[in-house]
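**Student:** what follows is a predicted structure for the sequence shown.
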Amino acid sequence: HDYNSSIEGKQVLELGTGWHPVVPIGFFLAGVETITTIDIATLMTKKQILETINCYLEYILNKNLPIEKYLKQDRVNELKEIARENLAFEELLERLHIVYRNQDATKTFLKEDSIDFIVSNNVFEHVHSSILTQILYQFQLALRPSGMMSHFIDMTDHFAHFDQSITVYNFLKFNDRQWGRIDNSIQPQNRLRINNFMDFYNELGISIKTIIKWESYPEQLKTIELAAPFNSYNPEDVACCHAYILS
């Protein structure tokens, strides 16, 4: 919001739809013209769309939505109407201004200079580095000169989310060969650090406006014997757990 005064009437692209369309419905409520959301796996269903709608309406009713001041009242009213109707999956998408694509994001499918805002949430950490650079290249072509990208990245060891015996840096103690045996296709983790992501942007000539970093645990990091190449990085870069990259 700091870089775009209004998202109303804009074209938005989301990478990584997932199961629940939280981001697309949020943008619908903010007044976008269309949000195209892409995922290499088809996960979203009618049931999950309705669950997301009901969650939004509950938050709006209880005045607990942090972005409430950005919502358009006509879209809120329309969401209430959609919730009352028995719509099919495709009808729900149309009413919500959502274009849902089961799509390899490295393949060209968007016109150049056609998108105003590109967003992802907890996606970049799961994409192999060579693929990620291809995706960023496609995004760079699709984004209008006045457009913006916002990508939230969780650089923690996701196994630590449910295993309290390990730290969020645990996966950095394995070399590439060892990690290749541990990593899996269900929840792949590329282990990239914030400096790696910055390098990708610089190599592609994408201008970074702001990097918002938070949650670093340098004392925990000291308990890990880092494998290459992490042991040669700036410890501050390695320790960074979460970041928004705005460009």
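**Tutor:** Thanks, I have it.
**Student:** any buried residues in the longest helix anywhere in the chain, and which?
**Tutor:** The longest helix of the chain (DSSP state H) is helix 46-61. Taking 16 or more other C-beta atoms under 10 Å as the basis for neighbour counts, the residues of helix 46-61 that come out buried are 48, 49, 52, 53, 56, 57, 60. For the C-beta atoms, the positions are set from N, CA and C on the backbone; glycine is no exception.
**Student:** how about the strands in the chain?
**Tutor:** 11-15, 34-39, 98-102, 115-121, 143-154, 210-216, 240-246 (DSSP state E).
**Student:** would you mind finding the most buried of the ones you listed?
**Tutor:** Of all the strands of the chain, strand 11-15 has the most neighbours on average by mean count of other C-beta atoms under 10 Å, namely a mean of 24.
**Student:** that older thread, by how many degrees do the longest helix of the chain and strand 98-102 diverge?
**Tutor:** Angle, helix 46-61 to strand 98-102, by axes from the mean of the first three to the mean of the last three C-alpha atoms, to 10 degrees: 140 degrees.
**Student:** a markdown table for the strands of the chain, including distance to residue 92?
**Tutor:** A markdown table is the format used below for those (distance: least, C-beta to C-beta, whole Å):
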| stretch | distance to residue 92 |
| --- | --- |
| strand 11-15 | 16 |
| strand 34-39 | 13 |
| strand 98-102 | 8 |
| strand 115-121 | 21 |
| strand 143-154 | 25 |
| strand 210-216 | 33 |
| strand 240-246 | 29 |
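**Student:** tabulate those strands (JSON lines), appending distance to residue 82 and mean pLDDT.
**Tutor:** Putting the strands of the chain into JSON lines (distance: least, C-beta to C-beta, whole Å; pLDDT from 0 to 100) gives the following:
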{"stretch": "strand 11-15", "distance to residue 82": "19", "mean pLDDT": "96"}
{"stretch": "strand 34-39", "distance to residue 82": "15", "mean pLDDT": "96"}
{"stretch": "strand 98-102", "distance to residue 82": "11", "mean pLDDT": "95"}
{"stretch": "strand 115-121", "distance to residue 82": "22", "mean pLDDT": "95"}
{"stretch": "strand 143-154", "distance to residue 82": "26", "mean pLDDT": "95"}
{"stretch": "strand 210-216", "distance to residue 82": "33", "mean pLDDT": "92"}
{"stretch": "strand 240-246", "distance to residue 82": "30", "mean pLDDT": "96"}
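**Student:** contacting residues for the residue lying closest to residue 52 once chain neighbours are set aside?
**Tutor:** Nearest residue to residue 52 in three dimensions, chain neighbours excluded: residue 20, at 4.7 Å (C-beta to C-beta, 6 or more residues apart in numbering). Contact criterion C-beta atoms under 8 Å, 6 or more residues apart in numbering gives 44, 48, 49, 51, 52 as the residues in contact with residue 20.
**Student:** what sits against the closest residue to residue 45 other than its chain neighbours?
**Tutor:** Leaving aside its sequence neighbours, residue 45 sits nearest to residue 89 (C-beta to C-beta, 6+ apart; 7.1 Å). Residue 89 is in contact with 45, 46, 49, counting by C-beta under 8 Å, 6+ apart.
**Student:** any idea which of those is closest to residue 114?
**Tutor:** Set against residue 114, the nearest of the contacts of residue 89 by C-beta to C-beta is residue 49 (25.0 Å).
**Student:** pick out the lowest-pLDDT one from the buried residues of helix 46-61.
**Tutor:** Lowest pLDDT among the buried residues of helix 46-61: residue 60, with 86.
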